[in-house]
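> 3D model of this:
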Amino acid sequence: MNPIQLFDTESSTYTYILAAPGSDQAVIIDPVERHWERDLRHLERLNLKLAYILETHAHADHVTSAGKLREVTGAKACVPSGCGIPPADQQLSDGDVIRFGAGEEITVLHTPGHTAGSMSYLWRGNVFTGDTLLINGCGRTDFQSGSSDDLYDSVVGKLFTLPDATRMWPGHDYKDQAVSTIGWEKEHNARLAHKSKAEFAKIMSELNLPKPKLIDIAVPANQNLGLPHGA
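This is a model prediction of the structure:
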């Protein structure tokens, strides 16, 4: 039942493939353009057919391969509504359920803050949090309609209400960490654990992070599922 976790070293992005016994259908979360062939090889080796491609948000640090994978496999591309990705097959809203395989269900959780449309995905005791919640950290909130207040509410008011044993799989990692749990993050996350909303807002306002190098290329491309405009 463990997700297949794949990594892009340039953007420190995690991609996930979800599959379960009893079916040959699979779902991929946050694929990266330069690795679309790698991801297809994983599916082929495991005799899996891609049913859905899920994006957690319109990424600013890498280009997605969602459009390319859809072309090659016929899978449906599903994106958060409010992220400005009109070519997708399905615009997702909070509480939606994605069904695949032999009774598998992925629940869509709207977790804005990093971007206004950011989503997390809950499947079999695993939550895939994109840039909303990272291991011992969180995504930045200073662009793409980001909001520290919204991110705090998304994490503390929604993700931290999941069972403590829920495994948390982040969209990025910069410190050789692969997976955490909701219980650990509630107690130890450096930015959010035992912090008030005002304390968290102060932490986020003082980060002074540089602009993502690819933002001017990646965001427009990702709003077209990573394909050239007009394609």
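> Please count neighbours and contacts with C-alpha atoms only from this point.
OK.
> At which residues are the helices of this structure located?
36-45, 66-73, 148-157, 182-188, 197-205, 215-222 (DSSP state H).
> Identify each buried residue in the first one, please.
Under the neighbour-count criterion of 16 or more other CA atoms under 10 Å, helix 36-45 has 36, 39-40, 43 buried.
> That helix vs helix 66-73, what angle?
For helix 36-45 against helix 66-73, the angle by axes from the mean of the first three to the mean of the last three CA atoms, to 10 degrees is 40 degrees.
> Now do helix 36-45: distance to the chain's middle.
19 Å (CA atoms, centre = their mean, to the nearest Å).
> With just CA atoms, put it into CSV.
Taking C-alpha atoms only, helix 36-45 is exported to CSV below (Å, rounded to 0.1, in the frame of the first residue of the first chain):
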residue,chain,number,x,y,z
TRP,A,36,7.8,11.7,-17.9
GLU,A,37,9.6,8.8,-19.5
ARG,A,38,11.0,7.6,-16.2
ASP,A,39,7.5,7.7,-14.7
LEU,A,40,6.1,5.7,-17.6
ARG,A,41,8.8,3.1,-17.2
HIS,A,42,7.8,2.6,-13.6
LEU,A,43,4.2,2.1,-14.6
GLU,A,44,5.2,-0.3,-17.3
ARG,A,45,7.4,-2.4,-15.0
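> what is the rounded mean pLDDT of it?
Average pLDDT, helix 36-45: 98.
> quick one, strands of the protein?
Along the chain, the stretches classed as strands by DSSP state E are 4-8, 13-19, 25-29, 49-54, 76-80, 90-92, 97-100, 104-110, 119-123, 126-128, 133-134, 137-138, 167-169, 180-181.
> And those strands: which comes nearest A193?
For the strands of the chain, the distance to A193 is smallest for strand 137-138, at 9.6 Å, taking CA to CA.
> give the contact list for the spatially most central residue of the chain.
Geometric centre of the chain, nearest residue: G130, 2.9 Å, by CA atoms, centre = their mean. Residues in contact with G130 (CA atoms under 8 Å, 6 or more residues apart in numbering) are 56-57, 118-120, 169-172.
> what do you get if the cut-off is 10 Å, keeping everything else the same?
By CA atoms under 10 Å, 6 or more residues apart in numbering, G130 lies in contact with 13-15, 29-30, 55-57, 59, 111, 114, 118-121, 138-139, 168-172.
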